[in-house]
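[1] sequence plus predicted model, see below.
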Amino acid sequence: MQASDVFKPRSASIATVSLSGDLREKLIAAAAVGFDGVEIFENDLLAYAGSPQDVRKLAQDLGLAIVLYQPFRDFEATPGRLAANLDRAERKFDVMQQLGVDLLLACSNTQADAIDDDARAAADLRALADRAGARGLRIGYEALSWGRHVHRWRRAWEIVGRADHPALGLVLDSFHTLCVGDAFPGGADAPPGDKIFFVQLADAPRLTLDPLSWSRHHRVFPGQGQLAVAEFLKAVCAAGYAGPLSLEVFNDNFRAAPPLAIARDGLRSLLALQDETRVGGGAPLPAVGMHRGVAYLEFAVDADAREQFAARFAELGFVHVGRKRTKAVDLYRQGEVAVALNADPRGEAGGRARTCGPSLHAIGLAIDAPAAALARGRAFRCEASPSDDGVRDASSLVLRTPDRILIELLGPNGLNEVTARFDPVEDVRPEVGELIRIDHLAQAIPVQEMDGIALFLTAVLGLSAQQSCEIADPHGLIESRAMVSDGRALALPLNATKSAGTMTGRRIARPERPAVHHVAFETDDIFAAVRSMQTRGASPLAIPHNYYEDLGSRFMLDSEFVKILEDHSIMYDEDEFGRFLHVYGPAFANGFFLEIVERKGYLGFGAANAPIRVACQAHEYERNAELETQRIGAMRPDGGRPPGGRLATAAASPSTRRPAPTCP
Ligand SMILES: O=C(O)c1ccc(O)c(O)c1
Ligand SMILES: [Mg+2]
């Protein structure tokens with residue numbers, strides 16, 4: 001039996017407000033990825049062209065239970081309006097019976113005219129529960145964290161307890177509980193499990209924001225944020241709650257993303273939460289022991305890009321060691337570091353190179369137990385299609401990331417396995433050069449995909465997110481979040497932006513973008529590495545003198561040392577653990593660039609230097625774009641002169657810039 005057959009959350013549900021599209025699209029997406037139930041958000045029904053009976057039928061056909069209807073607002077403790085509010089409730093009950101759902105979520109009153117009176121709130125809710133009970137329905141009362149008087153679950157529980165009606169219970173929401181700093185208690189302090197009618201789960205990044213704005217725009221799925229959702233869930237289940245686990249996420253990016261992708265992330269997040277908390281039983285999934293991390297990187301290239309990549313790798317000291325017998329796939333090595341270029345036009349990489357330009361196609365990972373990692377990936381609903389194209393052979397174990405990069409799972413000795421798949425081409429043994437391993441791979445991704453990719457990396461590969469940081473680019477801000485494995489064998493900084501003119505923005509402007517554009521190699525002698533690179537004819541990205549002027553005083557560095565750094569174009573940073581020296585190569589093949597780093601205990605990625613480096617790259621990029629425009633202009637009969645007489649320039653300013661000649 002495969003892990004995916006047994007690994008299923010006990011009853012997984014999702015609120016329709018978490019997904020984009022119309023109600024039909026939301027239900028189809030939820031069912032397609034394997035949810036058992038949905039909470040119907042009222043506005044989704046009101047905006048839907050079909051009747052409630054149609055929705056009931058659709059859900060039934062899709063195998064989805066409708067587990068809750070929500071929200072019923074501003075009901076309790078409003079003097080003078082009880083009768084009208086009960087009438088309003090009866091109309092909702094009609095709809096619920098047409099939908100075939102028995103539980104209504106009533107959230108705490110947010111209106112200015114609600115009075116601060118628990119006895120009154122309890123009496124009103126008892127009247128509501130009476131009406132509901134008479135129709136075989138139930139009411140779950142939820143404390144919104146911005147409720148007028150009731151904004152904590154404990155107060156909601158006092159009111160529910162005081163009302164003491166069998167058709168009235170609590171709805172607990174991890175966001176409302178945790179965002180105000182509450183915990184859900186264990187033991188005798190917890191409400192009895194049968195009074196917890198429903199549990200909603202959402203996480204969020206820690207922000208200093210009022211709860212309403214925080215909740216309506218920044219909720220994420222469990223594991224994607226920083227709240228203690230696992231502890232919350234364990235406590236709720238320990239209290240005896242046995243109902244559905246339901247995701248309720250209000251998030252601006254999720255609303256803009258395809259519902260199927262978000263639904264898949266939601267289910268994956270519930271599975272990861274179940275694996276972490278052991279809620280629902282079952283054996284824990286095996287963890288991924290990352291061992292050495294990256295065994296090889298494989299790039300999809302056309303003939304032109306192959307020349308450019310090969311030249312850059314040669315400058316860094318890589319040697320061409322192998323070629324596949326039947327296809328244009330080449331392996332380059334330097335000691336234990338390996339890269340492959342796949343220029344085979346027939347395979348999947350060929351398609352990728354044609355649609356996305358030169359791109360990272362596959363990552364080989366040297367891990368402790370590849371078969372167990374594959375089972376883990378399958379359990380998390382990853383695509384695990386075999387692919388014997390490129391570097392891989394028919395027995396390769398392969399997972400796909402959400403952005404469809406292939407991950408080959410290799411044993412601890414992975415690089416030797418891979419090298420043996422190639423015919424040797426040069427009579428040279430892979431020299432031990434200055435580069436000792438792949439330090440990190442950076443990736444530009446659309447803002448809406450950031451949380452999904454981060455979730456994949458956490459749940460499936462066991463990476464953790466470092467604190468995000470913002471990098472100032474000359475034309476906007478870039479958000480950077482590094483995903484790192486224990487022991488740092490694998491590190492993947494993810495970059496996203498809302499500013500189209502930034503270097504990251506330009507990279508993701510095309511729907512089919514190359515994801516990874518930046519590879520950093522580690523050395524233990526960066527000065528030697530730069531000198532070798534220069535001997536082979538390459539020059540590093542030039543860094544302005546002003547940077548070095550500032551550097552000496554910032555870290556109290558010896559002026560001789562700063563001079564040597566400047567002579568080698570090496571940047572420098574420190575953190576509480578140590579020092580970091582790094583240097584960048586020029587951009588090539590549609591905006592790729594390589595970096596060499598030397599770490600002396602330092603754990604970060606040089607974020608403090610990123611704004612300077614990005615500005616230098618933007619400058620280089622704009623200058624190249626201008627040269628390209630002039631070159632094209634010079635080939636035209638009018639010499640490229642616009643009516644005004646000035647030379648046309650592609651890089652005048654971000655707002656007037658024409659599409660770049662190549663995608664960076
Ligand atoms: O933002 C809201 O209005 C809202 C509605 C229903 C909920 O369950 C909730 O947690 C928030
Ligand atoms: Mg809620």
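    All right, it came through fine. Ligands and ions are numbered 1, 2, ... in the order given.

[2] show the subsequent helix or strand relative to the helix or strand hosting Ala375.
    Element membership of Ala375, judged by DSSP states H and E, is helix 370-379. For helix 370-379, the succeeding helix or strand toward the C-terminus, using DSSP H and E, is strand 397-400.

[3] that next one pairs with which strands?
    strand 406-410 (antiparallel) (DSSP bridges).

[4] please work out the average pLDDT along the partner strand.
    Strand 406-410 comes out with an average pLDDT of 96.

[5] pull the residues that contact it.
    Under the contact criterion CB atoms under 8 Å, 6 or more residues apart in numbering, strand 406-410 has outside partners 295, 298, 361-367, 370-371, 373-374, 387, 391-392, 396-401, 417-418, 461. C-beta coordinates here come from the backbone N, C-alpha and C atoms, glycine included.

[6] kindly give a single ChimeraX line that selects the buried subset of the residues you listed.
    Only the buried members of the contacts of strand 406-410 enter the following ChimeraX selection, criterion being 16 or more other CB atoms under 10 Å:
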select :295,298,361,362,363,364,365,366,367,370,373,374,387,391,392,396,397,398,399,400,401,417,418,461
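
[7] from the contact counts, what lies against the host helix or strand of Leu360?
    Counting by DSSP H and E, the element that carries Leu360 is strand 359-366. Helices and strands touching strand 359-366, as assessed by 3 or more CB pairs under 8 Å, 6 or more residues apart in numbering; DSSP states H and E, comprise strand 293-300, helix 348-356, strand 406-410, helix 414-419.

[8] change it to 6 Å
    On a contact count with 3 or more CB pairs under 6 Å, 6 or more residues apart in numbering; DSSP states H and E, strand 359-366 meets strand 293-300, helix 348-356, strand 406-410.

[9] strands paired with the first one, and their directions?
    In other words, strand 293-300. According to DSSP bridges, strand 293-300 forms sheet pairs with strand 337-342 (parallel), strand 359-366 (antiparallel).

[10] pull the first one out as PDB, backbone CA atoms only.
    The C-alpha trace of strand 337-342 is given here as PDB (Å, rounded to 0.1, in the frame of the first residue of the first chain):
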ATOM      1  CA  VAL A 337      30.000  20.100  -7.600                       C
ATOM      2  CA  ALA A 338      28.100  19.200 -10.800                       C
ATOM      3  CA  VAL A 339      26.100  21.000 -13.400                       C
ATOM      4  CA  ALA A 340      24.500  19.600 -16.500                       C
ATOM      5  CA  LEU A 341      23.300  21.300 -19.700                       C
ATOM      6  CA  ASN A 342      20.400  19.800 -21.600                       C
END
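
[11] tell me what angle that strand forms with helix 348-356.
    80 degrees (axes from the mean of the first three to the mean of the last three CA atoms, to 10 degrees).

[12] what lies in contact with strand 337-342?
    For strand 337-342, contacts defined as CB atoms under 6 Å, 6 or more residues apart in numbering pick out 296-301, 306, 309, 313, 329-332, 349, 361, 390-391, 415, 435.

[13] quick one: pLDDT of Gly633?
    80.

[14] just say helix, strand or coil for it.
    helix (DSSP: H, G, I helix; E, B strand; the rest coil).

[15] mind listing what whatever residue of the stretch 451-600 of the chain ends up closest to ligand 2 touches?
    Closest residue of the stretch 451-600 of the chain to ligand 2, CB to the ion: Asp451 (19.1 Å). When contacts are counted by CB under 6 Å, 6+ apart, Asp451 touches Val220, Gln224.

[16] immediately after the worst-scoring helix or strand of the chain on mean pLDDT, which helix or strand?
    None of the helices or strands of the chain scores lower by mean pLDDT, DSSP states H and E than helix 3-6, at a mean of 42. Beyond helix 3-6 on the C-terminal side, the first helix or strand identified by DSSP H and E is strand 12-15.

[17] avg pLDDT for whichever helix or strand comes after that following strand?
    Where DSSP H and E defines the elements, the next helix or strand beyond strand 12-15 is helix 23-33. Averaged over helix 23-33, pLDDT sits at 98.
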